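> 3D, please:
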Amino acid sequence: MSVASVRRAARESVSGLPRAFWWLWASTLVNRLGAFVATFMTMYLTLDRGYSASFAGLVVALHGLGGVLSSLAAGVMTDRLGRRPTLLAANVSTAFSVALLGFMEHPAAIAAVALLVGMTSNASRPAVSAMMADIVRPEDRVRAFALNYWAINLGFAVSATAAGLIAEYSYLAGFLGEAALTLACAVLVYAKLPESRPDAGTADGTRAAGTADGKTGGKTGGKADDESGIGLGTVLRDRRFMGVVGLSFLISLIFTQGSVGLPVAMGAAGFSPGDYGLVIAVNGLLIVLLQLPVTRFIEHRDPQKLLVVSALLAGYGFALTAFAGPLWAYALTVGVWTLAEIVNSPTQMGLVVRLSPLHGRGRYQGMYNMSWAVAALVAPLMAGFVIDRYGADWLWGATGVLGTVAGAGYWLLMRRLPESDAGSGRGVEAGTAGGAGTAAGAGTAGGAAETAKPAAPAGVA
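Residues are numbered from 1 along each chain as shown. Sure thing, here's the model as predicted:
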């Protein structure tokens with residue numbers, strides 16, 4: 001590939017997106033540059049504090065439980081109070097709780113503050129996803145989600161390497177560093193991001209061009225969610241969407257082992273936090289290098305096949321860890337399941353946005369993010385129990401089984417989705433006519449268009 005081709009591909013990948021998106025992108029990057037707690041919690045508890053893998057799993061599970069408790073509440077806040085206030089509250093409270101966690105000594109105090117960190121850190125996710133869907137045109141949304149995911153992993157690749165080295169000298173410095181960068185993210189949100197919640201009666205999926213980048217009031221549309229009639233019951237009755245949520249849980253249960261089961265297994269095998277930091281940094285580095293070109297490559301591929309293949313790659317990529325010995329072998333297995341992550345993320349996120357009605361985006365995104373939060377609760381308990389009782393190899397075998405089940409589920413779910421893609425954004429009616437099929441888009445004028453397939457992938461303006 002020539003230099004000119006690379007430049008052209010880069011321009012196509014970033015062109016046409018509103019200024020507000022790039023400030024949101026920057027806030028994501030700053031936030032992820034400070035990622036420490038979720039990545040090194042198990043090593044901190046087992047190697048630095050000397051607790052068992054089961055206790056470390058319990059603490060990380062409480063962190064996940066906090067995410068479960070806050071996901072739906074944050075989704076409702078996102079629809080009712082607005083995206084910007086939810087982001088500000090989540091980031092400020094996360095900075096405080098992460099700093100506090102670094103000073104906790106008693107096991108009960110560590111567990112309690114870990115629960116608080118899980119609640120606060122997970123609260124921003126529905127707001128970020130809803131704001132991105134608000135300010136980006138429907139045809140650019142998958143590209144925007146891919147770019148945002150790219151920022152997440154660019155920050156993760158840098159932070160995992162740096163934090164791994166920092167952890168060898170001072171875990172407290174890692175906690176305080178994450179708190180400082182999360183607070184910087186809150187300042188960026190306050191200074192640069194306008195409110196993007198759609199006004200009541202808005203028919204399409206985005207804010208007007210003049211309001212996405214300029215000053216917008218959070219007062220208009222304040223009762224949009226109430227007028228739409230979309231509540232959590234609507235989401236739960238949406239069988240098709242809840243099927244996506246269930247499959248997302250299985251996939252996230254697999255991927256979460258990268259930060260839960262893998263560090264424990266590597267620590268037990270004699271590797272240091274720095275070794276784990278280098279290995280897991282492969283995940284972020286590959287996503288930084290491959291996310292956009294791979295997304296462009298798969299743009300015309302069948303989403304059913306993409307989701308099935310990504311599920312199998314994730315499951316068996318982790319299963320290969322059972323055969324890893326030297327450090328390079330662990331890095332190789334990370335490369336396999338990272339490819340699955342690259343394919344699955346933009347494809348599934350595009351599907352989630354299409355299934356979400358306009359004035360219920362916060363609630364729908366909250367329910368979707370809860371699948372990851374529940375996985376963050378279950379995965380460490382599963383990893384700690386299996387590793388302590390049977391050994392790490394059984395854990396990696398279980399991931400292969402989960403990947404197979406998820407692949408079969410995607411094949412069945414996507415087989416029933418309509419082929420057309422005529423619409424650009426679900427209106428209120430698609431989510432309020434009642435019944436599971438209606439909320440999912442089945443049998444409605446605007447619903448089928450949103451459930452057909454993901455929007456145009458990266459590089460397509």
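> how about the helices in the stretch 351-461 of the chain?
Under the criterion DSSP state H, counting those that start in this stretch, the stretch 351-461 of the chain contains helices at 361-389, 392-415, 429-432, 436-440, 447-451.
> ok, which stretches of the stretch 201-350 of the chain are helices?
Under DSSP H, counting those that start in this stretch, the stretch 201-350 of the chain gives helices at 209-213, 224-228, 232-237, 239-255, 261-268, 273-297, 303-319, 327-355.
> next one: Val158 from Leu285, what distance?
Look at Val158 and Leu285: by Cβ to Cβ, to the nearest Å, they are 9 Å apart. C-betas here are computed from N, CA, C, even on glycine.
> what does Val37 give?
21 Å.
> okay, these two: which has more neighbours?
Val37 (25 against 20; other Cβ atoms under 10 Å).
> which residues touch the more buried one?
Contacts for Val37 were tallied using Cβ atoms under 8 Å, 6 or more residues apart in numbering; they are His63, Val98, Leu101, Val117, Ser121, Gly174, Phe175, Glu178.
> ok, so of these, who is nearest Leu327?
Distances from Leu327 to those, taken as Cβ to Cβ, are shortest for Gly174 (21.6 Å).
> name the nearest residue to the closest one, sequence neighbours excluded.
Closest residue to Gly174 apart from its sequence neighbours, by Cβ to Cβ, 6 or more residues apart in numbering: Phe36 at 4.1 Å.
> that neighbour reaches Ser159, doesn't it?
Yes. Counting by Cβ atoms under 8 Å, Phe36 touches Ser159, with 6.8 Å between them.
> and for the residue nearest to Gly174, the neighbour number?
27.
> any chance of the backbone angles for it?
When read as degrees, to the nearest 10, the backbone of Phe36 gives phi -140, psi -50.
> show me the contacts for the closest residue to Arg361 other than its chain neighbours.
Residue nearest to Arg361 in three dimensions, not counting chain neighbours: Ala130, with 4.2 Å by Cβ to Cβ, 6+ apart. By Cβ under 8 Å, 6+ apart, the residues touching Ala130 are Thr78, Asp79, Arg83, Ser196, Arg197, Arg361, Gly362, Gln365.
> just these now: which is nearest Ala53?
Gln365 (32.8 Å).
> list the residues that contact that closest one.
Contacts of Gln365 by Cβ under 8 Å, 6+ apart are Gly75, Thr78, Arg125, Pro126, Ser129, Ala130, Val352, Ser356.
> before we move on, the earlier item: which one, of the helices of the stretch 351-461 of the chain, ends up nearest to Ala265?
helix 392-415 (4.0 Å).
> for the closest one, packing partners?
Contacts defined by 3 or more Cβ pairs under 8 Å, 6 or more residues apart in numbering; DSSP states H and E place helix 392-415 against helix 239-255, helix 261-268, helix 303-319, helix 361-389.
> would a markdown table of these with distance to Gly397 and mean pLDDT be doable?
Converted to a markdown table, those look like this (distance: least, Cβ to Cβ, whole Å; pLDDT from 0 to 100):
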| stretch | distance to Gly397 | mean pLDDT |
| --- | --- | --- |
| helix 239-255 | 12 | 89 |
| helix 261-268 | 12 | 87 |
| helix 303-319 | 6 | 91 |
| helix 361-389 | 9 | 81 |
